[in-house]
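In: Sequence first, then the predicted structure, then my questions.
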There are 2 protein chains.
Amino acid sequence: MRKMEEKILNEGKVLPGGILKVGSFLNQQIDTEFLKEMGKEIARLYENEEVDKILTIEASGIPVAVAAGMEMGVPVVFAKKHLTSNVDGAFYSADVHSFTRDEDYSVVVSIDFLLPGEKILLVDDFLANGQALNGLLSLVKQAGAEPAGVAVAIEKCFQGGGDEIRARGIRVEALGAIESMSDNEIVFRSEI
Amino acid sequence: MRKMEEKILNEGKVLPGGILKVGSFLNQQIDTEFLKEMGKEIARLYENEEVDKILTIEASGIPVAVAAGMEMGVPVVFAKKHLTSNVDGAFYSADVHSFTRDEDYSVVVSIDFLLPGEKILLVDDFLANGQALNGLLSLVKQAGAEPAGVAVAIEKCFQGGGDEIRARGIRVEALGAIESMSDNEIVFRSEI
């Protein structure tokens, strides 16, 4: 998505350690006009899949998921993060390691909101090493539901998580896919 | 908003301790068609205010804020919750006590995203004792911005937070305002 690449180039800030800050339009402040366009693009990419529901993870995945859900006319479910695994039997739960924060947490979702046989589109803001999305994929599997695919705003391809998920036969779409980045250059996958 | 009252009556679950569960359409699963209607109603309520920006708090305030922001054509900023006050000088920060979880946390927002003179509409899913919204109001004041008002999906009037904010001269609108509730009856403010 050309406009995502332009937003990243114009407003993103590359920090040491492979960190990309996009707080001005995606992560803390949300450009709602652009968010609508993101939702439309995700809906277009998955228009031939019979998506029943979107699953995301709090907090910054929610805006992208909501925009896509509004366009596609499907409900959005967001998994919650807990720092402990103390959740009762009424939840599906998966453990996730955050490399960014070097901590473990659980992603949980009530069994009421992921049903057997549903086709679930997974949506998040970032895809880096794929830990969070693998947690969501585990929740989908536990529920007996089926992943329709993954859609993220920004994929940091150099961290490998997206290609690992693709290698498992799951479709992964990124509105902006960054092949490499440094202080003075961002190379998108679309350019190589 | 009649439809919010119907959704609460049809899908809400009252639990002991004044807790209302609306996970099926607002808190964990989001009914995106209804969410659009919420956004339209908030936009209508504040159409005569020159709102520059919406401020909400992660996580479950985000869908409502995004829906309103899309309708109003303004950016949405979400404050983050931290369990410690360890944030550096580039953030505004306010302390909040959660009665639900009996814990203290800070709400923080980067100084880049709340600017002096801006008119800020505060949006959240629930308004109960008002602790979280008072934290957001403090952030607005610290930034030298001005509150345009408050809009929430559901106000639990019996917990008093909304009326305290109104008493300070700040407009508060709730799409569903619950005056009292028990196992077998929910009374809305619109009915009394």
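Out: Perfect, I can see it now. As the structure is a computational prediction, the values presented were derived from the model and not from experiment.
In: downstream neighbour of the longest helix seen in chain A in the secondary structure list?
Out: The helix that spans the most residues within chain A, counting by DSSP state H, is helix A:32-45. Scanning forward in sequence from helix A:32-45 by DSSP states H and E, the next helix or strand is strand A:53-57.
In: can you confirm residue A:123 is in a strand?
Out: Yes - counting by DSSP: H, G, I helix; E, B strand; the rest coil, residue A:123 is found in a strand.
In: Residue numbers of chain A in contact with chain B?
Out: Within chain A, the positions adjacent to chain B are A:23-24, A:28-33, A:35-36, A:58-60, A:62-63, A:66-67, A:69-70, A:73-78, A:80, A:109-110, A:112-113 by Cβ under 8 Å from any Cβ of the partner chain. In short, each C-beta sits where N, CA and C put it, glycine included.
In: Only whichever of those residues are buried, select them in ChimeraX.
Out: A single ChimeraX command selects the buried members of the residues of chain A next to chain B (16 or more other Cβ atoms under 10 Å in any protein chain shown):
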select /A:23,24,28,29,30,31,32,35,36,58,59,60,62,63,66,67,69,70,74,75,76,77,78,80,109,110,113
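In: In strands, which of the residues of chain A next to chain B fall?
Out: Residues of the residues of chain A next to chain B located in strands (DSSP state E): A:29-30, A:76-78, A:80, A:109-110.
In: And the furthest pair within the residues you listed?
Out: Farthest-apart pair in these is A:29 and A:110; separation 30.1 Å (Cβ to Cβ).
In: per-residue confidence for the most centrally placed residue in chain A?
Out: By Cα atoms, centre = their mean, chain A has its centre lying nearest to residue A:124, at 1.8 Å. Note on residue A:124: pLDDT of 98.
In: OK, contacts around it?
Out: Counting by Cβ atoms under 8 Å, 6 or more residues apart in numbering or on different chains, residue A:124 makes contact with A:56-57, A:61, A:64-65, A:132-133, A:136, A:150, A:152-153.
In: Pretty sure residue A:95 sits in a helix.
Out: No - with three-state DSSP as the criterion, residue A:95 is located in strand rather than a helix.
In: Tell me where chain A has helices.
Out: A:2-11, A:32-45, A:62-72, A:131-142, A:161-167.
In: Just the terminal-to-terminal distance for stretch A:180-192.
Out: End-to-end distance for stretch A:180-192, by Cα to Cα, to the nearest Å: 11 Å.
In: hmm, who's touching it?
Out: A:5, A:8-9, A:12, A:14, A:18, A:20, A:155-158, A:174, A:176-179.
In: Now residue A:176. Nearest residue, chain neighbours left out?
Out: residue A:4 (3.7 Å; Cβ to Cβ, 6 or more residues apart in numbering or on different chains).
In: which residues touch the one you found?
Out: Contacts of residue A:4 (Cβ under 8 Å, 6+ apart): A:38, A:153-154, A:175-176.
In: Ranking by neighbours, what's the top pick from these?
Out: When neighbours are counted by other Cβ atoms under 10 Å in any protein chain shown, residue A:153 leads the contacts of residue A:4 with 30 neighbours.
In: Double-check that residue against residue A:177; I have them as touching.
Out: No - in this structure, residue A:153 is not within contact of residue A:177 by Cβ atoms under 8 Å, at 10.4 Å.
In: which intervals of chain A have sub-threshold pLDDT?
Out: Flagging of chain A using pLDDT under 70 yields the residue ranges A:83-89.
In: Tally up the residues packed near residue A:183, please.
Out: Number of residues near residue A:183 (other Cβ under 10 Å) recorded here: 9.
In: returning to what we had before: please identify which pair of the contacts of residue A:124 lies farthest apart.
Out: A:136 and A:153 (15.2 Å).
In: I'd like to know how far residue A:181 sits from residue A:188.
Out: 9 Å (Cβ to Cβ, to the nearest Å).
In: burial of residue A:115, as a residue count?
Out: Close neighbours of residue A:115, defined as other Cβ under 10 Å, add up to 13.
In: what's the nearest residue to residue A:154 if we skip its chain neighbours?
Out: Going by Cβ to Cβ, 6+ apart, residue A:154 has residue A:176 as its nearest residue, at 4.8 Å.
In: which ones are touching residue A:63?
Out: Residue A:63 is in contact with A:26, A:30, A:35, A:125, B:62, B:66, B:76, counting by Cβ under 8 Å, 6+ apart.
In: how about 6 Å then?
Out: A:30, A:35, B:66 (Cβ atoms under 6 Å, 6 or more residues apart in numbering or on different chains).
In: any chance of those in a markdown table, plus distance to residue A:164?
Out: A markdown table is the format used below for those (distance: Cβ to Cβ, whole Å):
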| residue | distance to residue A:164 |
| --- | --- |
| A:30 | 28 |
| A:35 | 28 |
| B:66 | 30 |
